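Q: fold the stuff below for me.
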Amino acid sequence: MRRRLTSIALLAATLALAAPAVAQVRAPDGAPNPTASSVNEEMLFKQDPKIHGRISIPNQTAANLIQPQGREWREFRESWMPWIGALAVLGMIAALGLFYFTRGRIRLEHSEESGKKLLRFNSFERFSHWMTASCFIVLSLSGLNYIFGKRLLMPLIGPEAFATLAQYGKYAHIYLAWPFMLGVLFMLVLWVRDNIPGKIDWIWLKQGGGLLGDAHPSAGRFNAGQKMVFWMVVGFGFAMGATGLMMIFPFAATDINGMQIMQVIHSLIGVVFIAGILAHIYIGSLGMEGAYDAMGSGEVDLAWAKVHHDLWVKEQQAKTASGPQLGRGQVPAE
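A: So this is what the prediction gives:
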């Protein structure tokens, strides 16, 4: 009993000594500051970067109440990411529009070999391309909706319609990620041999690839520009897949801070990826006459192939005893 009274007396003495010090803390206008003795959040976070609670459910991640990195991530997502995305996507669209109006469409140069067809991509190659491309379009639109939807789309269609659209967009984003990753793997296996950089690619780049002038530098099955697109698709595709899986399966390999970093990487790569594919779509459709046929029917005009992929045409001629003119559906002998 005596020990308890002694402890109480010591506590009372301590409070009495501390009280004047607290009372001396005043606001700038001289009035007493009621928050002088309150918990300082900055000091609290210096002791522990997170604020945890105690829970009784098995999911221990729910005990994390506050973590400062979440504020930085939210600031990036709400302030920086929309500007970065807009500059990347709209900047590429503006650049392609300027290029089209100054350079114009690259026309097919007709010759005595025009009308003869050469098989460029077989059925499985075209299937792999279009499966990946179709998934990429939906993934891009649903991803851009995450960044710009509530700013641009929700005011037009209303919050309820936007919520429904965003929900189905999330489902599409998750489920179509799987065939997209499979398609990237297919393309890697199919075309990696023809996309190894070589000396001829450096010459192609120095001459502007025939885009900046009238000359058409030599190229194999894929020119340097197409090889850059190929490695962009493979590299970015695998990076998007890896970071996306971290978010599809939360806390499987990292904590909440790690998932926030994965989302930042995912979004930054995503907008650059979209900008790069816009350039690829342009040159394969509106930008160059005859280019779409390669992935449309699989066959290209022999005159077009000799202008843009002359080294590849010579390889096909060497493989085919009857010459490069092929009937529909025939594949050159390998």
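
Q: which neighbouring elements make contact with the top helix by length along the chain?
A: Secondary structure assigned by DSSP state H gives helix 256-283 as the longest helix of the chain. Taking 3 or more CB pairs under 8 Å, 6 or more residues apart in numbering; DSSP states H and E as the contact definition, the neighbouring helices and strands of helix 256-283 are helix 69-75, helix 81-103, helix 123-148, helix 224-248. To be clear about C-beta, it is placed using only N, CA and C from the backbone, and glycine gets the same treatment.

Q: okay, now residue 181: neighbour count?
A: The burial metric for residue 181, expressed as a neighbour count using other CB atoms under 10 Å, is 19.

Q: next one: phi and psi at residue 284?
A: Main-chain dihedrals, residue 284, degrees, to the nearest 10: phi -90, psi 0.

Q: contact partners for it?
A: For residue 284, the set of contacting residues under the criterion of CB atoms under 8 Å, 6 or more residues apart in numbering consists of 291-292, 294-295.

Q: now, which of these sits nearest residue 163?
A: Within the contacts of residue 284, distances to residue 163 taken as CB to CB reach their minimum at residue 295, with 36.7 Å.

Q: I figured that closest one was touching residue 128, is that so?
A: No: under the criterion of CB atoms under 8 Å, residue 295 is not in contact with residue 128, lying 10.4 Å apart.

Q: circling back to that earlier point, which of the contacts of residue 284 sit farthest apart?
A: Farthest-apart pair in the contacts of residue 284 is 291 and 295; separation 8.5 Å (CB to CB).

Q: what angle do the longest helix of the chain and helix 224-248 make?
A: Taking axes from the mean of the first three to the mean of the last three CA atoms, to 10 degrees, helix 256-283 and helix 224-248 form an angle of 150 degrees between their directions.

Q: chain center to helix 256-283, what's the gap?
A: The chain centre lies 2 Å from the centre of helix 256-283; the measure is CA atoms, centre = their mean, to the nearest Å.

Q: again with stretch 298-307
A: That offset, for stretch 298-307, works out to 32 Å (CA atoms, centre = their mean).

Q: endpoints of it, how far apart?
A: With CA to CA, to the nearest Å applied, stretch 298-307 spans 18 Å between its terminal residues.

Q: residues near the residue nearest to residue 201 when sequence neighbours are not counted, how many?
A: Residue nearest to residue 201 in three dimensions, not counting chain neighbours: residue 224, with 3.7 Å by CB to CB, 6 or more residues apart in numbering. Using other CB under 10 Å, residue 224 is surrounded by 22 other residues.

Q: state the distance from residue 224 to residue 193.
A: Separation of residue 224 from residue 193 (CB to CB, to the nearest Å) stands at 16 Å.

Q: what's the answer for residue 271, then?
A: When distance is defined by CB to CB, residue 271 is 31 Å away from residue 193.

Q: compare those two and say which is more crowded by neighbours.
A: When residue 271 and residue 193 are compared for neighbours, residue 271 comes out ahead with 21 against 8, by other CB under 10 Å.

Q: can you tell me how far the more buried one sits from residue 88?
A: Separation of residue 271 from residue 88 (CB to CB): 4 Å.

Q: thinking again about what came up before, hmm, which of the contacts of residue 284 are the buried ones?
A: For these, a neighbour count by 16 or more other CB atoms under 10 Å gives the buried set as 291, 294-295.

Q: which ones among those residues are found in helices?
A: With helices identified by DSSP H, the entries of the buried ones among the contacts of residue 284 that belong to them are 294-295.

Q: and the most centrally placed residue in the chain, what's its pLDDT?
A: What sits nearest the mean C-alpha location of the chain, by CA atoms, centre = their mean, is residue 270, with 1.4 Å. In the prediction, the pLDDT value recorded for residue 270 is 97.

Q: tell me where the model's unsure across the stretch 51-200 of the chain.
A: Applying pLDDT under 70 to the stretch 51-200 of the chain picks out residues 51-53, 60-61, 65-66, 111-113.

Q: can you get me a residue count around residue 242?
A: Counted by other CB under 10 Å, the residues lying close to residue 242 total 14.

Q: residue 310: what's it in contact with?
A: With contacts defined as CB under 8 Å, 6+ apart, the neighbours of residue 310 are 216, 218-219.

Q: most surrounded residue in those residues?
A: Of all these, the highest neighbour tally under other CB under 10 Å goes to residue 219, namely 23 neighbours.
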